[in-house]
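[1] Pasting a predicted model and its sequence here:
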Amino acid sequence: MTDTLDDLDVEGTTVGVRVDINSPIDDDGSLADDARLRAHVDTLSELLERGGRVAVLAHQGRPGGDDFVSLEPHAERLSTLLERPVDYVDVTYSSGAREAVRNLDDGDCIVLENTRFYSEEYMEFDPDAAARTHLVEGLAPVLDAYVNDAFAAAHRSQPSLVGFPSVLPGYAGRVMESELDVLGSIEETPEPRVYVLGGAKVSDSIDVAWSVLEKGLADHVLTAGVAGNVFLTADGVDLGDASTDFIYEQGYWDEIDRAADLLDAYGERVALPRDVAVERDGERHELGVNALPPADSEAAMDIGSSTLSYYERILEGAGTVILNGPAGVFEEAAFENGTRELYNAASDVDTSIVGGGDTASALRSLGVEGFSHVSTGGGAALRMLTAEPLPAVTALEDGPKHQQPADD
C-alpha cells in the first residue's frame, strides 16, 4: 500500500518532489507545451498551501538533444501556474543546492537543476545502490520526506526515482495516486473491455495484447497504426514495399512472428484493419486489404473508412475502452481522420482510459476531449496494463514510513 499526501504531515516539512515535466522546447529555449507542468499543479499547490517547503526534482531531454536544457523556463512557468514565486537553482545536490533547500520557508518552492545533467541518472540501480549515489547522498540530508508524482517515469529505476524513498519516508503525489487508482484496477471496470492498440511501439502493443487476452481482461483488441500493419502482415496481407521496408527498418520483423502467434491463439478477439489510406498523387486514397499491395512508394498511413466503421460498431457496445497509440500519421492533415474519429468514438464510451505518451499528445493536437482518464505516462501505463511492477512505486511501498527531521 502506497502512502499518499493524506498521510504526510506537511506543515514545516522539507519535501523533495519528483515530477515529470519533460516538455517540448521551442527554438528560443522556451516551453512549447506546458501540459506536463499543469498536471502537477494540484500536488505542488497542496503541499505549498499546507505549509510545505518544496524542492522540485525533474529531468528534461537527453544528452545531445535540442531539448536537453536547464529547468529555468520550467521554474518560470510554474511561478505562473502556481501563482507564487518559484525560484530556479542551477545545481541539484551540491552544497549550493543544500543551502537553497535549507533556506526555504513554509510555503516556498524551488526547482533544482535537471537531474539528467548528472550521469548517475542514466543508470539503472536497485534502490539500495541508488541510495548511495551522489545525488541521493548529497540531497537527502536536507529533506524530511520524498513525494513521487512522476508516474510517467515510474517504470525506470534511477536514483531520483528509487533512491530517495529508500532513505526517506516516501509518498505518492496526486498524479501518481490517481494513475495507480485507475490503471491498477482495470479488472474492475465495466465489461466488455476493448483495447485499441495503435502507434509505432509495436513490441509494447503486442506485449499488452498478449497480457490482456491471456488474463481475460480484453474482450476485443483493435489494431491500428504501425502495429496494425504488423498484424496485417502477420495475417498474410501484402502491404507493399514502402510499408514492409519501414517494418524492416524499424527492427519489427520478429514482431510479425509474435503477432502471428497471437492471432493463432486469440484471432477471434483481435480485429485487423479492413482498409488503409495511402498518399496517391498528393491526395488521400483508400484501399481495401483485398486491393493491396499498393504502388511501391505508397505506404499505409492511416486506417480507412471501412475499418473506422467496423471499429466504431465494436466500441458502441463497449463498457470500457483502453486507448493506446494513434491510428496513423495524424500529424499530416490528410491522414488525421482515422485517429480523430477513432478517438472520438472511444471518448463516447462510459469508461474511457487513455494510455498517455504519444496518445495524449495526439489528443491535444486534435482537440479530442471527454475521456474518463488520460494517463500522463506512456511506458509506465503500458507496464501497469501488463501487470508488471513499477520500480518507483515498489520503492515507495518498501521504504521507511516515518518522517525524520532533516539536518539543520
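    The structure has been received and is ready for your questions. Residues are numbered from 1 along each chain as shown.

[2] Find the nearest non-adjacent residue to Val54, please.
    Closest residue to Val54 apart from its sequence neighbours, by C-beta to C-beta, 6 or more residues apart in numbering: Cys109 at 4.4 Å. Bear in mind the C-beta positions are built from the backbone N, C-alpha and C, glycine included.

[3] Pop out the phi and psi values for the one you found.
    When quoted as degrees, to the nearest 10, the phi and psi of Cys109 stand at phi -140, psi 130.

[4] In this structure it contacts Gly51, no?
    No. In this structure, Cys109 is not within contact of Gly51 by C-beta atoms under 8 Å, at 11.9 Å.

[5] Pick out whichever of those two has more residues nearby.
    For Cys109 against Gly51, the residue with the higher neighbour count under other C-beta atoms under 10 Å is Cys109, and the figures read 24 against 15.

[6] Just list the residues touching the more buried one, thanks.
    Residues in contact with Cys109, defined by C-beta atoms under 8 Å, 6 or more residues apart in numbering, are Leu44, Leu48, Val54, Ala55, Val56, Leu78, Leu82, Arg84, Pro85, Val86, Asp87.

[7] what about burial for those, which qualify?
    For these, burial is judged from neighbour counts taken by 16 or more other C-beta atoms under 10 Å, and it is met by Leu44, Leu48, Val54, Ala55, Val56, Leu78, Leu82, Val86.

[8] Closest to Asp128 out of the residues you listed?
    Among these, Ala55 lies closest to Asp128 (C-beta to C-beta), at 22.9 Å.

[9] what's the spacing between the closest one and Gly378?
    Using C-beta to C-beta, to the nearest Å, one gets 27 Å for the distance from Ala55 to Gly378.

[10] How about Leu104?
    As it turns out, when the distance is counted by C-beta to C-beta, Leu104 lies 33 Å from Gly378.

[11] Looking at the two now, which is surrounded by more residues?
    Gly378 (22 against 18).

[12] just checking, the more buried one touches Phe151?
    No. At 10.5 Å, Gly378 does not count as touching Phe151 under the criterion of C-beta under 8 Å.

[13] Residues contacting the least confident helix or strand in the chain by mean pLDDT, please?
    Using mean pLDDT, DSSP states H and E, the weakest-scoring helix or strand in the chain turns out to be helix 358-366, at a mean of 84. In this structure, residues lying in contact with helix 358-366 by C-beta under 8 Å, 6+ apart are 33, 35, 199, 201, 323-326, 330-331, 336, 339-340, 343, 354, 369, 371, 374-376, 378.

[14] Narrow the residues you listed to those in helices?
    With helices defined by DSSP state H, the entries of those inside them are Ala35, Thr339, Arg340, Tyr343.

[15] And for the nearest residue to Ala300 once chain neighbours are set aside, the neighbour number?
    In this structure, Ala300 finds its nearest non-sequential neighbour in Val276, 3.9 Å apart by C-beta to C-beta, 6+ apart. Here the count is done by other C-beta under 10 Å, and Val276 has 32 residues near it.

[16] Correct me if wrong, but Val276 is in a strand.
    Yes. The assignment for Val276 by DSSP: H, G, I helix; E, B strand; the rest coil puts it in a strand.

[17] I'd say it and Ala299 touch.
    No. Counting by C-beta under 8 Å, Val276 does not reach Ala299; the two are 9.0 Å apart.

[18] What residues does the residue nearest to Ala300 make contact with?
    Asn229, Leu239, Glu286, Leu287, Val289, Leu292, Ala300, Met301, Asp302, Ile303, Gly304, Thr307.

[19] swap in Arg62?
    Under the criterion of C-beta under 8 Å, 6+ apart, the contact partners of Arg62 comprise Phe68, Arg116.

[20] That one: which element?
    For Arg62, there is no host helix or strand (DSSP states H and E).

[21] just checking, what packs against the helix or strand containing Ser205?
    Mapping Ser205 onto the secondary structure by DSSP H and E places it in helix 202-214. Helix 202-214 sits against strand 193-197, strand 220-223, helix 225-234, helix 253-266, helix 379-385, with contacts defined as 3 or more C-beta pairs under 8 Å, 6 or more residues apart in numbering; DSSP states H and E.

[22] Tell me which of the ones you listed approaches Pro400 most closely.
    Each of the helices and strands packed on helix 202-214 was scored for nearness to Pro400 using C-beta to C-beta, and the closest is helix 379-385 (23.6 Å).

[23] The closest one - contacts with which helices or strands?
    So helix 379-385, by 3+ C-beta pairs under 8 Å, 6+ apart, packs with helix 174-183, helix 202-214, strand 320-324.
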